[in-house]
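Colleague: below is the structure, and that's it, no one-letter string:
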């Protein structure tokens, strides 16, 4: 799951293709909202589309955090390096909760 | 601010260009995250980038809601149609709070 | 709905009794969590109770904001003092979105 | 940290007294808001107090989640029962994100 290169950690995501597809869709949704603002569409219609983007982005974030915890954090704990990895996870969670 | 066409409401956003610029940047950020997943970058680095996207999207949403309330909702109240417009605003707000 | 006393604004809440009942229940729920921590109950059981408190507090907050917008903000706009009242509402909304 | 009784798991919180003090304060804050509604205080003043309660409740929740992850989840992973414990943590996290 995790190859340690001399420059930076690498992690092959277990749901890689699913994530790439979701991100492509989100990119298209953002372009769609750009066009709606361009076309002077009604604010509430735009706000509803933005809410859909926020929900889609949250899903990617939660999936990534879940996989990270099951793999990277779990491996770190098993190899006796849990403290740092859990602190890192908690920082991520706090940012997500903001 | 608000032209009523026979098909759907139109609203020229008071911060239109600023919003278009922000949305272009967000689109680029989403593409950036797509590349990070493609390149098997470390989960926490990706999660931090996603948190930046969520924050940027929230800013667009709040700006839009603010302008909508100052213009569309305020005009609706002044012309005696406040009830429906306020209910619409509250629905948007509740979705944003989710 | 809104009496202006020389010291500070007064507002009789349209859902006053419902709100008082909810706040009483929330107070009891907080006491309940206090007892769970006292009794060394399992963290996840406590976290679930706290999530229930957060949800109950959010409901009171949204109800209050809704009533405020329908009454105080709407009255302020009708009497030509909408600008300040909307800015005040937006500050509340931004704090709730944090 | 964690005694398994035949009825339910027990966990002595590492920040037990701090948490009990915070919960006592939150209980007082909720009573305070109850009095404000009783006294027909201005909506925005009440909403600001509720935002303070939400922030205090979030802090208790995050502290509890952090301690739980450092102790219960970490112990579960070390004893080969990480899968279930991580799933439990993710459920808590998703509820907090709502």
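Modeller: Received the coordinates, thanks. Source: prediction; values computed, not measured.
Colleague: going forward, measure contacts between C-alpha atoms and count neighbours the same way
Modeller: Fine.
Colleague: now do the helices in chain A.
Modeller: Per DSSP state H, chain A carries helices over the ranges A:16-38, A:43-68, A:74-78, A:82-97.
Colleague: can you say which of the ones you listed is nearest to residue B:19?
Modeller: helix A:16-38 (7.8 Å; Cα to Cα).
Colleague: need the helices of chain A in a markdown table (columns: distance to chain B and mean neighbour count).
Modeller: Output for the helices of chain A, formatted as a markdown table (distance: least, Cα to the nearest Cα, whole Å; neighbours: other Cα atoms under 10 Å in any protein chain shown):
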| stretch | distance to chain B | mean neighbour count |
| --- | --- | --- |
| helix A:16-38 | 6 | 17 |
| helix A:43-68 | 6 | 19 |
| helix A:74-78 | 14 | 19 |
| helix A:82-97 | 7 | 17 |
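Colleague: redo those helices as TSV? Include mean pLDDT.
Modeller: Converted to TSV, the helices of chain A look like this (pLDDT from 0 to 100):
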stretch	mean pLDDT
helix A:16-38	98
helix A:43-68	96
helix A:74-78	94
helix A:82-97	92
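Colleague: figure out which of those is closest to residue D:68.
Modeller: Of these, nearest to residue D:68 by Cα to Cα is helix A:82-97, at 10.6 Å.
Colleague: residues contacting that closest one, please?
Modeller: A:69, A:72-74, A:76-77, B:44, B:47-48, B:51, D:62, D:66, D:69-70, D:74, D:93, D:96-97 (Cα atoms under 8 Å, 6 or more residues apart in numbering or on different chains).
Colleague: so how far is residue D:77 from residue A:80?
Modeller: Using Cα to Cα, to the nearest Å, one obtains 11 Å as the distance from residue A:80 to residue D:77.
Colleague: also residue A:18?
Modeller: Taken as Cα to Cα, the span from residue A:18 to residue D:77 is 27 Å.
Colleague: repeat for residue A:49
Modeller: If you go by Cα to Cα, the gap between residue A:49 and residue D:77 works out to 41 Å.
Colleague: once you drop chain neighbours, what's closest to the spatially most central residue of chain A?
Modeller: Closest to where the C-alpha atoms of chain A average out (Cα atoms, centre = their mean) is residue A:61, at 2.8 Å. Spatially, and ignoring its direct neighbours in sequence, residue A:61 is nearest to residue B:47 (6.4 Å; Cα to Cα, 6 or more residues apart in numbering or on different chains).
Colleague: surely the one you found is in contact with residue A:67?
Modeller: No. Applying Cα atoms under 8 Å as the test, residue B:47 and residue A:67 come out as separate, 11.5 Å apart.
Colleague: can you redo the helices of chain A as CSV with distance to residue D:31?
Modeller: Shown next, in CSV, are the helices of chain A (distance: least, Cα to Cα, whole Å):
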stretch, distance to residue D:31
helix A:16-38, 44
helix A:43-68, 34
helix A:74-78, 42
helix A:82-97, 26
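Colleague: ok, the residue in chain A positioned nearest to chain C to chain D distance?
Modeller: Proximity of chain A to chain C (Cα to the nearest Cα) peaks at residue A:98, 5.8 Å away. For residue A:98, the distance to chain D (Cα to the nearest Cα, to the nearest Å) stands at 9 Å.
Colleague: over to residue A:92?
Modeller: Using Cα to the nearest Cα, residue A:92 is found at 11 Å from chain D.
Colleague: show me the contacts for residue A:36.
Modeller: residue A:46.
Colleague: dump the residue contacts of residue A:29.
Modeller: Going by Cα under 8 Å, 6+ apart, the list of residues near residue A:29 reads A:49, A:53.
Colleague: how about the residues of chain A near chain D?
Modeller: Residues of chain A found near chain D (Cα under 8 Å from any Cα of the partner chain) are A:62, A:66, A:69-70, A:74, A:77-78, A:82-83, A:86, A:90, A:93-94, A:96-97.
Colleague: farthest-separated two in those residues?
Modeller: Between any two of the residues of chain A next to chain D (Cα to Cα), the greatest distance is 27.1 Å, for A:78 and A:97.
Colleague: out of the helices of chain A, which gets nearest to residue B:24?
Modeller: Of all the helices of chain A, helix A:16-38 comes closest under Cα to Cα, at 7.4 Å.
Colleague: how big is the angle separating the closest one from helix B:16-38?
Modeller: Relative orientation of helix A:16-38 versus helix B:16-38 (axes from the mean of the first three to the mean of the last three Cα atoms, to 10 degrees): 170 degrees.
Colleague: now helix A:16-38, how far from the centre of its chain.
Modeller: Relative to its parent chain, helix A:16-38 has a centroid offset of 14 Å by Cα atoms, centre = their mean, to the nearest Å.
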